[in-house]
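[1] Pasting the sequence and the predicted coordinates here, then a few questions.
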Amino acid sequence: MQITYIIVVALITYILGAFTKIKWDRIPNKYIPIQNVIIALISSFICYFTKLEPNFLNSLILCFMATMGAGGTSSLIKLLKNNDNSEN
């Protein structure tokens, strides 16, 4: 079941990411956590209503942890790349 959550979150992230790239070219980085919260909410509703998780609170917490973890990992990778470029 856990891998299914990751697939749902990844699909919703991809769809919303593609939509925001098409509609808005430059969204400031300060709004990315808000986008992650929206992705978590949509993903948790999908996981709950498709019966992947019978408990809505578990679904909500798991999807929030997945999106915030992915967002943090992405920010860390960008930060490390920026530090490598500035040292050269």
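    Arrived safely. Everything numeric here is computed off the predicted structure, so don't read it as measured data. Numbering: from 1, shown residues only.

[2] C-alpha from now on. contacts and neighbour counts both.
    OK.

[3] which residues sit in contact with residue 61?
    Contact partners of residue 61, counting by CA atoms under 8 Å, 6 or more residues apart in numbering, are absent.

[4] can you give me how far the helix or strand harbouring it is from the chain middle?
    Using DSSP states H and E, residue 61 sits within helix 56-87. Centre-to-centre, helix 56-87 and its host chain are 8 Å apart (CA atoms, centre = their mean, to the nearest Å).

[5] measure the residue most central in space within the chain to residue 11 for me?
    Nearest residue to the geometric centre of the chain (CA atoms, centre = their mean): residue 67, 3.5 Å. Residue 67 sits 12 Å away from residue 11, going by CA to CA, to the nearest Å.

[6] likewise residue 53?
    Residue 53 sits at a distance of 17 Å from residue 11 (criterion: CA to CA).

[7] Tell me which of these two has more neighbours.
    A side-by-side neighbour count of residue 53 and residue 11, using other CA atoms under 10 Å, places residue 53 first with 20 against 14.

[8] where does the more buried one land in three-state SS?
    Of the three states, residue 53 takes coil under DSSP: H, G, I helix; E, B strand; the rest coil.

[9] for it, what are its contacts?
    47, 59.

[10] Ramachandran coordinates for it?
    In terms of degrees, to the nearest 10, the main-chain angles of residue 53 are phi -140, psi 120.

[11] Likewise for residue 43?
    The phi and psi values for residue 43, taken as degrees, to the nearest 10, are phi -60, psi -40.

[12] name the element residue 39 belongs to?
    helix 32-49.

[13] try residue 8
    Element membership for residue 8, per DSSP H and E: helix 2-23.

[14] Quick one: list the elements packing against that helix.
    helix 32-49, helix 56-87 (3 or more CA pairs under 8 Å, 6 or more residues apart in numbering; DSSP states H and E).

[15] burial count for residue 68?
    Using other CA under 10 Å, residue 68 has 16 neighbouring residues.

[16] What is the burial count for residue 64?
    21.

[17] Kindly report the same for residue 48.
    18.
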